[in-house]
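Q: can you look at this prediction? I've put the sequence above it.
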Amino acid sequence: MSYAKFNLSGRVAVVIGGTSGIGRAIAHGLAEAGADVVCSSRRAEQVETTAREIEEIGRKTLRITSDVSDKNSLQNLLDECVKEFGKVDIMVNSAGRTKRAPTLDFAENDWNDIIETNLTGTLRACQVFGKHFLENKYGRIINIASLSTFVSLFEVAAYSASKAAVASLTKSLAIEWAKHGVNVNAIAPGVFKTDLNRELLESTERGKEFQTRTPMGRFGQVEELAGAAIFLASDAASFVTGEVLVVDGGCLASGVHQEACRN
């Protein structure tokens, strides 16, 4: 196999939730691999900032806001991309939200909001862009799962349920669309520092436990997710579909706490 298959030149990627954190890092990686990349989210100022970053890499982009709770906005995002580039080849679902609280007292509105964004929003984007991919008989969809797709995390039941469901949705779409040239996979990040969780990871006992449970002994940097995304978006992954690729520094492989093994 030629390593040229990892090259994304000539491809057009859309990263939903691509203006911060994990989505932004993946968008940068896809652009550096050669793709033109459109990063979209609800906030126009973040869309503008990220668009300038993509242009500084030397790739083409657009400035379009969208909201995964609004299917019409996702359709407009697709339509504008097709109008400008003639097609979309790759779509990454990175919009998400969470809230920590005891499950017994978890408000139903908060539960619904998290499921709406993380699961139903992912479905909407897959429906809108999936139709385009099926018509073109080519497409790469990358959803964002989580460690909580596989194991329980304390007092985040709604988030965990939504991310377990994202993995199931990914596999369902993969088998439905496999014969039509559309590959559907997911990335499950381990514990990565972002602006939203930096304080928790660096200054709480919960953060210390996450680090202890990671055999590499550190948190991930969001840029370390780019390689997985480039692989799944490329023709190097032409026979890969329905997979959840874990990028976690060995966390899921770990059993007994690392510190306990030293005592």
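A: All right, it came through fine.

Q: my guess is Phe6 meets Ala237, correct?
A: No - if you go by CB atoms under 8 Å, Phe6 and Ala237 don't touch, sitting 9.2 Å apart. C-beta here means a position set from N, CA and C on the backbone, and glycine is covered the same way.

Q: so these two - more neighbours on which side?
A: A direct count of neighbours by other CB atoms under 10 Å for Phe6 and Ala237 places Ala237 higher, at 20 against 17.

Q: quick one: the helices in this protein, in order.
A: With helices called from DSSP state H, the chain shows them at 21-32, 44-57, 71-85, 108-115, 121-136, 157-177, 198-203, 205-212, 226-233, 258-261.

Q: how about those helices in CSV, adding mean neighbour count and mean pLDDT?
A: Below are those laid out as CSV (neighbours: other CB atoms under 10 Å; pLDDT from 0 to 100):
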stretch, mean neighbour count, mean pLDDT
helix 21-32, 25, 97
helix 44-57, 16, 98
helix 71-85, 17, 98
helix 108-115, 14, 97
helix 121-136, 20, 98
helix 157-177, 20, 97
helix 198-203, 12, 74
helix 205-212, 14, 82
helix 226-233, 22, 98
helix 258-261, 11, 52
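
Q: so which of those helices is nearest Val151?
A: helix 157-177 (8.5 Å; CB to CB).

Q: and that closest one with helix 121-136, angle?
A: Going by axes from the mean of the first three to the mean of the last three CA atoms, to 10 degrees, helix 157-177 is angled at 10 degrees with respect to helix 121-136.

Q: who are the packing partners of helix 157-177?
A: helix 108-115, helix 121-136, strand 139-144, strand 182-189 (3 or more CB pairs under 8 Å, 6 or more residues apart in numbering; DSSP states H and E).

Q: residues in contact with the longest one?
A: Among residues not part of helix 121-136, those counted as contacts by CB atoms under 8 Å, 6 or more residues apart in numbering are 14, 16, 68-69, 71, 74-75, 77-78, 82, 87-88, 91, 93, 95, 139, 141, 143, 166, 169, 173, 177, 180-182, 184.

Q: quick one: it to strand 139-144, angle?
A: Following the same axes, to 10 degrees, one obtains 170 degrees for the angle between helix 121-136 and strand 139-144.

Q: thought Leu245 was touching Ala186?
A: Yes - look at Leu245 against Ala186 with CB under 8 Å: they come within range, at 7.1 Å.

Q: who's more crowded, the two?
A: A count of neighbours by other CB under 10 Å puts Ala186 above the other of Leu245 and Ala186, at 26 against 18.

Q: wait, that one sits on Ser168?
A: No - checked against CB under 8 Å, the pair Ala186 and Ser168 is beyond contact range at 10.1 Å.
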